[in-house]
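# build the 3D model from these lines:
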Amino acid sequence: MIFLFGTELVAAQCAMCRAVLESEENTSTAEAVNNGIVYLMAIPYVLVAVLFFVVYKKMKS
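Take a look at the predicted model:
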């Protein structure tokens, strides 16, 4: 329920980041932000995969 009230702030931050990255001519900053997004996106998937692997090993033995 709380997430419904915070959507306006999240959208504002994304627009601000995009505006800053589009205004700069240096592409290394944009690449760093993109790499950070991919890194943050991948961590939960890795953690869930490790959890499932541990549970699988426990159930198998």
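# other SSEs contacting the helix or strand hosting Y45?
Counting by DSSP states H and E, the element that carries Y45 is helix 27-60. Judged by 3 or more Cβ pairs under 8 Å, 6 or more residues apart in numbering; DSSP states H and E, helix 27-60 is in contact with helix 7-23. C-beta: built from backbone N, CA, C; applies to glycine.
# state the mean pLDDT of the helix it packs on.
Averaged across helix 7-23, pLDDT comes to 64.
# same question, stretch 39-56
In the prediction, stretch 39-56 has an average pLDDT of 94.
# over to stretch 28-36?
80.
# just the C-alphas of it, formatted as CSV.
Presented in CSV, the C-alpha positions along stretch 28-36 are these (Å, rounded to 0.1, in the frame of the first residue of the first chain):
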residue,chain,number,x,y,z
SER,A,28,31.8,6.8,-19.4
THR,A,29,29.4,8.2,-16.8
ALA,A,30,26.4,6.7,-18.6
GLU,A,31,28.2,3.4,-18.9
ALA,A,32,28.9,3.4,-15.2
VAL,A,33,25.3,4.1,-14.3
ASN,A,34,24.2,1.3,-16.7
ASN,A,35,26.7,-1.1,-15.1
GLY,A,36,25.4,-0.2,-11.7
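# and A30, how many neighbours?
When neighbours are defined as other Cβ atoms under 10 Å, A30 has 15 of them.
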